[in-house]
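*Asks:* Predicted model and sequence follow; I will ask about them next.
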Amino acid sequence: MLPALSRIGRRRSLRAGAVLVVVLGLLLWWLLPLRDPAPTGTLSFSTGVRSGVYQRYGERLKGALAKDLPEVSIQLQTSEGSQQNIARVATGKADFTIATTDAVAAYLRARGPGYERLRGCVRLYDDYIQLVVERGSDIRSVADLRGRTVAVGQPGSGVKLVADRLMTAAGLDPVEDVTAVPAGIDTMPKLLEEGKLDAFFWSGGLPTTAVADLSERFSVRLIPLEDKLIKQLQAAGGSTGYYRSAVMPADAYRNAQQGQAVPTVAIANVLVTTDRTDAAMTEAFTRTVIDSRDRIGREVHAAQLVDLRTAIYTDPLPLHEGAKRYYRSVKP
């Protein structure tokens, strides 16, 4: 009888062990988060004009994404700037983009097509408004642009939005009081150099290569945008509340500034997508943006200014669920 009892005991022990393994497996399955498969497919990223910061940043981000997401093909689309970028993403013509918060807020306020689907991923770096003139020009303020030929950015750009608003705040009619040239940063410097412009507006990270290169070969200076003008700008309400006073450091453009800091207007950029974009894809994209900031920043200085502590603040857009997952994963 004893050997039979021993065999029964062993069978019961084996069954108990098997049950325990199953229970532990189920417990681990319940406790551990399910991981999504690695993202695959094709994404389009709307950037900006070819010599602008958006395009240069996008090109380098594409390289970082190729390493982090080898099964995803990233296609870059050049654009006129923030306003066109937002419209593309909102209407499904692009998956991700960069845009200034004033342009995003204006699109939301106007209830543009697909506005309710827009989502934020990362607050990036700030753009600085730059009004550039020949050094010998008698233009000293925005009000002095009356009667002048001024490049104001392309129709779909964030530059055009803020340039028109600044001129209005200075008491000018952007249509009647200046000869407005719809040029981008890829052509503005040459037009100024050739005497075909009296001034040009630009909105971009510091330093913008096209402006820096111009200052190396041609004598230019930057027009200060004083607090009084900025208060008048903000008084218009709505999306103008996203503008704030800032200072361009004296070494942003050494030749143009000659050791002087220049007061100006700053506006934040955000990485934008929509609720159509898969959460796992958005989480991975957000992770690459944060992880690559130092590498990209060695070539595009503005990228170094992406800060994990403030990246979550994508107002006026709610955070995409995938971006939320990333920030939760790195929360201390």
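*Replies:* Okay, I see it. Numbers count the residues shown, from 1 in each chain.
*Asks:* Residue 153 reaches residue 160, doesn't it?
*Replies:* Yes. Contact criterion Cβ atoms under 8 Å: residue 153 and residue 160 qualify, at 4.0 Å. C-beta coordinates here come from the backbone N, C-alpha and C atoms, glycine included.
*Asks:* Show me the common contact partners of those two, please.
*Replies:* Common neighbours of residue 153 and residue 160 (criterion: Cβ atoms under 8 Å, 6 or more residues apart in numbering): 81, 182.
*Asks:* Report how many residues lie close to the nearest residue to residue 182 once chain neighbours are set aside.
*Replies:* Nearest non-adjacent residue to residue 182, counting by Cβ to Cβ, 6 or more residues apart in numbering: residue 154, 5.4 Å away. Per other Cβ atoms under 10 Å, the neighbour tally for residue 154 reads 22.
*Asks:* Quick check: the gap between residue 154 and residue 270.
*Replies:* 20 Å (Cβ to Cβ, to the nearest Å).
*Asks:* Same question for residue 68.
*Replies:* Distance from residue 68 to residue 270, by Cβ to Cβ: 20 Å.
*Asks:* Of those two, which one has the most company?
*Replies:* Neighbours per residue (other Cβ under 10 Å) separate residue 68 from residue 270, with residue 270 holding more: 25 against 15.
*Asks:* Return the residues in contact with residue 307.
*Replies:* Going by Cβ under 8 Å, 6+ apart, the list of residues near residue 307 is empty.
*Asks:* what number of residues lie near residue 147?
*Replies:* 11.
*Asks:* whoops, I mixed them up, residue 176
*Replies:* 8.
*Asks:* hang on, it is in a helix, isn't it?
*Replies:* No. Read with DSSP: H, G, I helix; E, B strand; the rest coil, residue 176 is coil and lies in no helix.
*Asks:* gap between the residue lying closest to residue 114 once chain neighbours are set aside and residue 110?
*Replies:* Nearest residue to residue 114 in three dimensions, chain neighbours excluded: residue 90, at 3.6 Å (Cβ to Cβ, 6+ apart). Distance of residue 90 to residue 110, given as Cβ to Cβ: 11 Å.
*Asks:* For these two, indicate the residue with more neighbours.
*Replies:* residue 90 (22 against 11).
*Asks:* per-residue confidence for the residue nearest to residue 114?
*Replies:* If you check residue 90, the pLDDT there is 98.
*Asks:* pretty sure it contacts residue 115?
*Replies:* Yes. Residue 90 is in contact with residue 115 according to Cβ under 8 Å; the separation is 5.9 Å.
*Asks:* who touches both of the two?
*Replies:* By Cβ under 8 Å, 6+ apart, residue 90 and residue 115 have these common neighbours: residue 107.
*Asks:* Tell me where the stretch 51-200 of the chain has helices.
*Replies:* Assigned by DSSP state H, counting those that start in this stretch, the helices in the stretch 51-200 of the chain fall at 53-68, 82-90, 101-109, 158-169, 188-193.
*Asks:* State the mean pLDDT of stretch 175-191.
*Replies:* Stretch 175-191 comes out at a mean pLDDT of 97.
*Asks:* what's the first-to-last distance across that stretch?
*Replies:* Start-to-end span of stretch 175-191 (Cα to Cα, to the nearest Å) is 20 Å.
*Asks:* residues of it that come out buried?
*Replies:* Residues of stretch 175-191 classed as buried by neighbour count (16 or more other Cβ atoms under 10 Å): 177-178, 180-181, 183-189.
*Asks:* same check, this time on stretch 69-76
*Replies:* Buried residues in stretch 69-76 (16+ other Cβ under 10 Å): 69, 72, 74, 76.
*Asks:* Spit out the contact partners of the second one.
*Replies:* This points to residue 72. Residue 72 touches 39-43, 65, 281, counting by Cβ under 8 Å, 6+ apart.
*Asks:* what's the answer for the first one, then?
*Replies:* With contact set as Cβ under 8 Å, 6+ apart, residue 69 has these partners: 38-39, 284-285, 288.
*Asks:* Can you say which of the residues you listed are buried?
*Replies:* 39, 284-285, 288.
*Asks:* Closest to residue 238 out of those?
*Replies:* Each of the buried ones among the contacts of residue 69 was scored against residue 238 by Cβ to Cβ, and residue 285 proved nearest at 29.8 Å.
*Asks:* Could you report the separation of that closest one from residue 104?
*Replies:* 18 Å.
*Asks:* can you give me the strands in the protein?
*Replies:* 41-46, 72-77, 96-100, 118-134, 149-151, 179-181, 199-204, 220-222, 244-248, 262-274 (DSSP state E).
*Asks:* Among those, which comes closest to residue 140?
*Replies:* Closest among these, once you apply Cβ to Cβ, is strand 118-134, at 9.0 Å.
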